[in-house]
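Student: A structural model of the following input is requested.
(2 chains)
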Amino acid sequence: QVQLQQWGAGLLKPSETLSLTCAVSGDSFSGYYWSWIRQPPGKGLEWIGVVKHGGYINYSPSLKSRVTMPLDTSKKQFSLNLNSVTAADTAVYYCARGTVNDIFPFEVWGQGTLVIVSS
Amino acid sequence: QSVLTQPPSVSGAPGQRVTISCSGSSSNIGTAYKVQWYQHLPGTAPKLLIYGNTNRPSGVPDRFSGSKSGTSASLAITGLQTEDEADYYCQTYDKSLSDVVFGGGTKLTVL
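Tutor: Sure thing, here's the model as predicted:
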């Protein structure tokens, strides 16, 4: 049974860099697509981007200029770095697994991390 | 503002049937890209409910069903139960935006 465990700083100041990590246990890592998705308070879900072992990366156009998603296959972990954060980046952030063949459906999700950006 | 439009809320009594619509366009639902549905209870991670327009993952009751026609998709829930009270999101890919997109979400209240 695959599980995603995520962690990272929960309180940031404007202009800082948001950093979250997601660790995968119980299943293969290199064959799947791995995404980050967020939900601002009172709003819907927003896809941030996806990575896969072998060099595939795709970011949402709306966040592309501020996002990187490094992958550590040896540790079965992937991360989210979002720079120059503002209050608009306050959200619950989720890591999620796609399939072997495609970015979605998002079959497995992490527990979520609330990140608050406030001065 | 999402490119996939869902009603903000729907409601039904226990045992009844409800449907949640997801309206898109020729650049998302109207393409070959499949539609997914997720159930999201507050404080928990979203759960995949329907994938590939109509398919249920193992463990999802057959009370939940999905359909797609033209530029719209729907999620139907029959035999409503109190534990179905949650937010529901549709999701697909938009080729014009080159982006994975979600609907705005629909809050289901079981009266």
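
Student: backbone phi and psi for residue 39, please?
Tutor: Just so you know, I chose chain A. Here is the backbone geometry of residue A:39 (degrees, to the nearest 10): phi -140, psi 100.

Student: Let me see the contact set for it.
Tutor: Residue A:39 makes contact with A:45, A:46, A:91, A:92, A:94, according to C-beta atoms under 8 Å, 6 or more residues apart in numbering or on different chains. (Each C-beta comes from the backbone N, C-alpha and C, glycine too.)

Student: Stretch A:67-82 and chain B in contact?
Tutor: No. Using C-beta under 8 Å from any C-beta of the partner chain, stretch A:67-82 stays clear of chain B, with a minimum separation of 12.9 Å.

Student: how long is that stretch from one end to the other?
Tutor: This stretch, stretch A:67-82, spans 5 Å end to end (C-alpha to C-alpha, to the nearest Å).

Student: hmm, back to that, just the contacts of residue A:39: which are in helices?
Tutor: For the contacts of residue A:39, not one is inside helices, with DSSP state H as the criterion.

Student: Considering only those, which also neighbour chain B?
Tutor: Counting by C-beta under 8 Å from any C-beta, A:45, A:46, A:94 from these sit close to chain B.

Student: Nearest to chain B, out of those: which one, please.
Tutor: Distances from chain B to these, taken as C-beta to the nearest C-beta, are shortest for residue A:45 (4.3 Å).

Student: helix, strand or coil for the residue nearest to the closest one when sequence neighbours are not counted?
Tutor: Counting by C-beta to C-beta, 6 or more residues apart in numbering or on different chains, residue A:45 lies nearest to residue B:102, which is 4.3 Å off, once chain neighbours are set aside. Assigned with DSSP: H, G, I helix; E, B strand; the rest coil, residue B:102 falls in the strand class.

Student: is it true that residue B:102 touches residue A:47?
Tutor: Yes. Using C-beta atoms under 8 Å, residue B:102 is in contact with residue A:47, at 7.0 Å.

Student: Give me the pLDDT for the residue of chain B positioned farthest from its centre.
Tutor: Going by C-alpha atoms, centre = their mean, the residue of chain B most distant from its centre is residue B:96, 21.4 Å out. Reported pLDDT at residue B:96 in the predicted model: 96.

Student: go on, residue B:1?
Tutor: 77.

Student: where does it land in three-state SS?
Tutor: The three-state label given to residue B:1 by three-state DSSP is coil.

Student: For burial, what's the neighbour tally of the closest residue in space to it that isn't next to it in sequence?
Tutor: Residue nearest to residue B:1 in three dimensions, not counting chain neighbours: residue B:104, with 7.9 Å by C-beta to C-beta, 6+ apart. For residue B:104, the count of nearby residues is 19 (other C-beta atoms under 10 Å in any protein chain shown).
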